[in-house]
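Asker: For reference, the sequence and a predicted model appear below.
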Amino acid sequence: MILLSELITLTNVNKKYKNGVNAIYDLDLKIKKGEFVFVIGGSGSGKSTLIKMLYREEKPTKGEIFVGGINVVKLRNSRVYKLRRKLGIVFQDYRLLPKLTVYENVAFALEAIGAKSSEIRIKTLRALELVGLKGKTRNYPDELSGGEQQRVAIARAIVNDPKLILCDEPTGNLDPKMSLEIVKVLDDINKTTGTTVVMATHDKEIVNKFKKRVIVIKEGRLVKDYEEGKYDNEAI
């Protein structure tokens, strides 16, 4: 049974790739609405696989995954877009469209779902204001710093008011100062809008500074779950 307060539920989830690599073993996990959760682990631990299964980039070999009441495992490929419309996804490499302005990159997410032009303008400007880029609407990605590009990616992720933001190493290409600023943006969004944030990271300084719930994945297994944790070197 899934309680209403639970946004994400994984039950007995296993993931084995076609090349024989076991990425996830017997994973049980629950994440409530409004939580901010760090997923940490060494290279190849399975944390990125976990994130990918939540937005159905990958399917588990066994087990159940529910995201916002949707049975992700049984979701038909032709319906995956409906799940992703309810999510915001932030990647390490930004994935901005180079020939579109900052405004157009964010607005594109709304245009793709057929939103009205008036709604697109209001929501796009609001999202850019939330990430501190309202003055950069006419700039192109190559005119921005790496941190600014990631802010655009976050604005694009939140523009449709998702209940969940999934972040896969979003600070991996940034320097420490900019990394902290990016996570501060995500933290502010979490606090002001109640949006749930799940972030895979290996950045010790960030995890230790923000003191959120920390899930530790090691060799595909959940080995630690701290309510207000820190980067656990021993567990990894």
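Answerer: Arrived safely. Numbers count the residues shown, from 1 in each chain.
Asker: Spell out which helix or strand contains the residue positioned nearest the centre of the chain, please.
Answerer: Most central in the chain under C-alpha atoms, centre = their mean is Leu166, positioned 1.3 Å from the mean C-alpha point. Assigned by DSSP states H and E, Leu166 falls within strand 164-168.
Asker: Return the alpha-carbon coordinates of that strand using CSV.
Answerer: C-alpha atoms of strand 164-168 as CSV (Å, rounded to 0.1, in the frame of the first residue of the first chain):
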residue,chain,number,x,y,z
LEU,A,164,9.6,16.1,-8.4
ILE,A,165,13.0,17.3,-9.6
LEU,A,166,15.6,14.5,-10.4
CYS,A,167,19.2,15.7,-10.6
ASP,A,168,22.0,13.4,-11.9
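Asker: For the helix or strand that that strand is followed by, list the C-alpha coordinates in CSV.
Answerer: With elements assigned by DSSP H and E, the helix or strand that comes after strand 164-168 is helix 176-193. Taking Å, rounded to 0.1, in the frame of the first residue of the first chain, the C-alpha atoms of helix 176-193 are listed here in CSV:
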residue,chain,number,x,y,z
PRO,A,176,33.1,24.3,-5.8
LYS,A,177,31.8,27.9,-5.5
MET,A,178,29.3,27.6,-8.4
SER,A,179,28.3,24.1,-7.2
LEU,A,180,27.2,25.5,-3.9
GLU,A,181,25.2,28.2,-5.6
ILE,A,182,23.4,25.7,-7.8
VAL,A,183,22.4,23.5,-4.9
LYS,A,184,21.3,26.7,-3.0
VAL,A,185,19.0,27.4,-5.9
LEU,A,186,17.6,23.8,-5.7
ASP,A,187,17.3,24.2,-1.9
ASP,A,188,15.4,27.4,-2.2
ILE,A,189,13.0,25.9,-4.8
ASN,A,190,12.4,22.9,-2.4
LYS,A,191,11.7,25.3,0.5
THR,A,192,9.5,27.8,-1.3
THR,A,193,7.5,25.5,-3.6
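Asker: before we move on, back to that, pLDDT wise, what is the residue nearest to the centre of the chain at?
Answerer: Here the pLDDT value assigned to Leu166 is 98.
Asker: Likewise for the one 5 residues further on?
Answerer: For Thr171, the model assigns a pLDDT of 94.
Asker: what about the residue nearest to it when sequence neighbours are not counted, how many neighbours?
Answerer: The shortest distance from Thr171 to any non-neighbouring residue, by C-beta to C-beta, 6 or more residues apart in numbering, is to Ser179 (3.7 Å). Backbone N, C-alpha and C define where each C-beta goes, glycine included. Using other C-beta atoms under 10 Å, Ser179 has 21 other residues around it.
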